[in-house]
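Visitor: Fold the following, please.
(one chain, ligands or ions: 1)
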Amino acid sequence: MSDRESLFKERYGKWALIVGASDGIGAALAEVAAQRGLNCILVARRAQKLDALARQLQNDHQVDVKALALDLTSPNARNTLVGLIGEFDIGSVFLNAGGDTLGARLVDADPDAIDALISRNVLLLTHLVRLFSKHFIDRDRGGLAVIGSDSALNGAGRISVYSATKAYALNLVESLWAELQHTGVDATYFVIGTTDTPKLRNLLTARSVALDAVNLAEPHMLAHWVMDNLSNGPTQVFDVSPDSMDPLTSPQARRTRVARNTDIIDFFFGDLSPDPTLLASLKSGRSWK
Ligand SMILES: NC(=O)c1ccc[n+]([C@@H]2O[C@H](COP(=O)([O-])OP(=O)(O)OC[C@H]3O[C@@H](n4cnc5c(N)ncnc54)[C@H](OP(=O)(O)O)[C@@H]3O)[C@@H](O)[C@H]2O)c1
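Guide: Modelled structure (predicted):
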């Protein structure tokens, strides 16, 4: 094993928790985690798919794999997942489950389905991110990855609630990243666009659109990119050049703003003393631009 591989294992092992692992990006994340020597806990609703993937990963990569069939919208989801902390030495969490479940205009969307989407993408996500961060801080290392979407960067008709939950997760992770500085714990939000997952394939097929008519990212390529960039938070955007300074999508531009705004907020709620540059930016009213 190379030094790089053992560092990865040391930092993010022994176990990786992959939430939404039965197909697509989540299954690819599990496969790449296993390739890199992490034991995996696979979570999703379809037990058969999880069991088959668990067998495959064990055979191909000689790691331990546990399959946990769970509906993330069920009332016991949070306690079940957080309870894993006491059972396994979890060093990384990949929150992938998060696709749109409404496919409707806001005024037409089913109220119970809205609640379920918000409960999975906002409430559960917030508590998991918080509790696993605490766990990682206690052990001085660990990594959290949230699979996001370019729908987080602006709204769009027929995906209002989905897009809003993705934007929520983006700001949550960027803020958490700022709070985790100097802890040895990583948190990164990964912005992706159209990707070749079964869910998207089904949508395209239902519309009689050929797969090669759309630019689709390949899940394993995304999974490697996620693993390689766990410590490059707060935000990574697939296919954006590291040198880009576009304010919306440049990882560097976003990182600079998050750090800067954190200094300003520290001035109000933390223990940063008022420094002339900060005061000048507050006075000019341009601090958040
Ligand atoms: N595909 C794209 O083009 C695309 C584009 C931008 C962003 N994304 C993001 O990429 C991520 C994955 O998207 P996806 O297209 O693969 O669809 P998805 O609906 O998020 O499904 C991904 C995984 O999550 C699991 N899952 C979904 N709801 C669950 C629930 N209530 N309880 C337990 N597990 C659940 C699914 O397995 P089970 O059905 O077995 O439960 C599957 O393994 C999402 O966060 C999405 O926002 C995708």
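
Visitor: Need the nearest residue in space to residue 219, chain neighbours excluded.
Guide: residue 28 (3.8 Å; C-beta to C-beta, 6 or more residues apart in numbering). Quick note: C-beta positions are derived from backbone N, CA and C, even for glycine.

Visitor: any idea how far that neighbour is from residue 114?
Guide: Distance, residue 28 to residue 114, using C-beta to C-beta, to the nearest Å: 29 Å.

Visitor: Which one's more surrounded, the two?
Guide: Between residue 28 and residue 114, residue 28 has the larger neighbour count (other C-beta atoms under 10 Å), namely 24 against 16.

Visitor: what stretches of the stretch 1-150 of the chain score poorly on pLDDT?
Guide: Within the stretch 1-150 of the chain, no stretch has pLDDT under 70.

Visitor: go with 80
Guide: 1 (pLDDT under 80).

Visitor: where does it come near the ligand, residue by residue?
Guide: 20-26, 44-46, 49, 70-73, 96-99, 120, 147, 149 (C-beta under 6 Å from any ligand atom).

Visitor: repeat that with 5 Å
Guide: 20, 22-26, 44-46, 71-73, 97-99, 147, 149 (C-beta under 5 Å from any ligand atom).

Visitor: which outside residues touch the one helix or strand residue 227 maps to?
Guide: Following DSSP states H and E, one finds residue 227 within helix 219-228. Outside helix 219-228, the residues that touch it by C-beta atoms under 8 Å, 6 or more residues apart in numbering are 8, 24-25, 27-29, 31-33, 36, 94, 145, 147, 188, 190, 192, 195-197, 236, 238.

Visitor: Give the buried residues for it.
Guide: Under the neighbour-count criterion of 16 or more other C-beta atoms under 10 Å, helix 219-228 has 219, 220, 222, 223, 224, 225, 226, 227 buried.

Visitor: got the residue ranges for the helices in the stretch 1-150 of the chain?
Guide: Using DSSP state H, counting those that start in this stretch, the helices of the stretch 1-150 of the chain run over residues 3-12, 24-35, 47-61, 77-87, 111-118, 125-139.

Visitor: Dump the ones you listed into a markdown table; add distance to residue 280 as well.
Guide: Shown next, in a markdown table, are the helices of the stretch 1-150 of the chain (distance: least, C-beta to C-beta, whole Å):
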| stretch | distance to residue 280 |
| --- | --- |
| helix 3-12 | 39 |
| helix 24-35 | 44 |
| helix 47-61 | 55 |
| helix 77-87 | 44 |
| helix 111-118 | 40 |
| helix 125-139 | 33 |
